Structures are given as structure tokens and as C-alpha cells.
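Trainee: Predicted model and sequence below, questions to follow.
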Amino acid sequence: MATPVSIVLLGFFLGMRHATDPDHVIAVTTIVARQRRVGAAALIGVLWGIGHTLTIIAVGGAIIVFGVVIPPRLGLGMELSVALMLIVLGLLNVARIARWITGTVTPAHVHPHRDGDYVHSHGQGETRAVHGRADEDTPFARLDRHLGGLGLYQVLRPLVVGVVHGLAGSAAVALLVLATIPDPLWGIAYLIVFGVGTIAGMMLVTAASALPFTYTVSRFAALNRHLVLGSGVASVGFGLFLVYRIGVVDGLFSGPPHWMPG
């Protein structure tokens, strides 16, 4: 018979597996698409995992200790927040390469150069003053550029995304604990270990996801921009799919909501 200790330890490996959920992978891949270093990408994964764990412990702990019941409409609303977050993250990436999409600079006469955390492409004989960094001259990109330069934004972005994802997954994890561990203290311990496993798993996932971006960012600028565009489009597409599933299929917008945490 499984003991509470073995179940809690199992939580670590379940947390690592939880990090590989499609919405998690797409979100962090979209965030690390502009990273030049695998180590920095891994740190983003750790920050995402910390945010996710904080919400899991807070919301899941309330469910386990105080018996809080989440209404179906609220549960679907929390899942909808993940879908909207994926759409926003995807739009950020698409906005960053808007200039390349419009073909303002022809690929045959461009060459990449590094500028802080960004890699830009100049036309032949074109200076920074001439092009004015127009590839980031969009509302989303300006926000990302100005706040990103402060460093704090780069920390808060994955942390906040992790918190939002934790809101959507906390009920399922807590209900799993209630079904297997009746003792609230052991239940909280499970949530903590589960969170540590999620942090470890997401660190590995982000490091692996960042490899193609970090390799191509200064070597193959055009390919890198295609990868960034692909990550943005995938994030927006998956987010829209989730909006449809949550709003129409699960009834958040179209009728009586039916929600099963999972």
C-alpha cells in the first residue's frame, strides 16, 4: 500500500511531467524565442515554475485545507486566462518581426548585428539611425523593448505567466491530492514537492526549447526570424483553439458551463 511519503515523492515526477503540458511548452517557447543564451532560457523556466508553484500552493492549499469549491464558470474563466495569455505572448513575437514580414528590407541585402538582447537586420549601407529600429515600432514591441531593458520585466513576465497557468491547474492537482492523501499537512507537502518538480521540469523544457533559437540568432538571422514567427503563430493559434473550446464547447459563453478540472 502506498504511504504518504511515497505519494509525495511521486509528486516530484508528476510535477516534471506536468511541465510538458502543451500550453506550458508553447508559452515558454514563445517567451524564450528571443533569447541568445540557454542559461538565460533555463532561468526563465525556473521563474515560470516559481510563479506556477506559488499559485498551486495558494489555491490548491485553500481547496485542501478549507474545502474551497471552485464553481464551473470560475474554473473555466481561469482556463480562459491561459488562452488569452498565449494569444498575447504570440502577438508579442509576431510584432517583433513585423518589419521583416512586410518586406521593407529585402533578404538579399541584409546582414544581422547584435544590439543588446536583440538581433536586427540592416539593408546594405543602412545605418541604425536610418531604419530607426522600425522592426520593433509597434505597441506590443515598444512595451517589450522599453520594459525589457529594465531587467525587471524579463523577470516578471515568466513569473506572471506561471501564476496564470497555476490558476488553471491548481484545482486538478488539489483534487488529486484529496483523493489520495486525506491528511491536509501531507497534502500541502505534496503540493510543494509537485511544485519543485514542475520547476525542475520547466527548467529543462525551456533550455531544450531555446536551443534552436540560441543557435540561429546570430548565425542564421532569416531562419531565426522564421522560428520566432512560427512560435508566435503557434501560440496565437493554440490560444484561439482554447478560447473556442472553453467558450463554446465547454459552455463558458454559449450555455450552462460544464467543467472538469484536468
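Mentor: Looks like it arrived, so ask away.
Trainee: ok, which stretches of this protein are strands?
Mentor: Counting by DSSP state E, the segments of the chain that form strands are 110-115, 118-123.
Trainee: where does the chain dip in pLDDT?
Mentor: 1-2, 99-153, 262 (pLDDT under 70).
Trainee: run the last query once more with 90
Mentor: Low-confidence segments of the chain (pLDDT under 90): 1-11, 33-37, 39-41, 65-69, 92-157, 167-183, 213-226, 229, 254-256, 258-262.
Trainee: ranges for the helices of it?
Mentor: With helices called from DSSP state H, the chain shows them at 4-18, 22-32, 38-66, 72-96, 98-102, 128-131, 139-148, 152-180, 184-216, 221-244.
Trainee: ranking the ones you listed by burial, who's on top?
Mentor: Neighbour counts (mean count of other CB atoms under 10 Å) averaged over each of those peak at helix 22-32, with a mean of 23. (Each C-beta comes from the backbone N, C-alpha and C, glycine too.)
Trainee: now for that one, which elements pack on it?
Mentor: Counting contacts by 3 or more CB pairs under 8 Å, 6 or more residues apart in numbering; DSSP states H and E, helix 22-32 packs against helix 38-66, helix 72-96, helix 152-180, helix 184-216, helix 221-244.
Trainee: Turn the helices of the chain into TSV, columns for distance to L252.
Mentor: Formatted as TSV, these follow (distance: least, CB to CB, whole Å):
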stretch	distance to L252
helix 4-18	23
helix 22-32	16
helix 38-66	19
helix 72-96	4
helix 98-102	32
helix 128-131	44
helix 139-148	26
helix 152-180	13
helix 184-216	26
helix 221-244	9
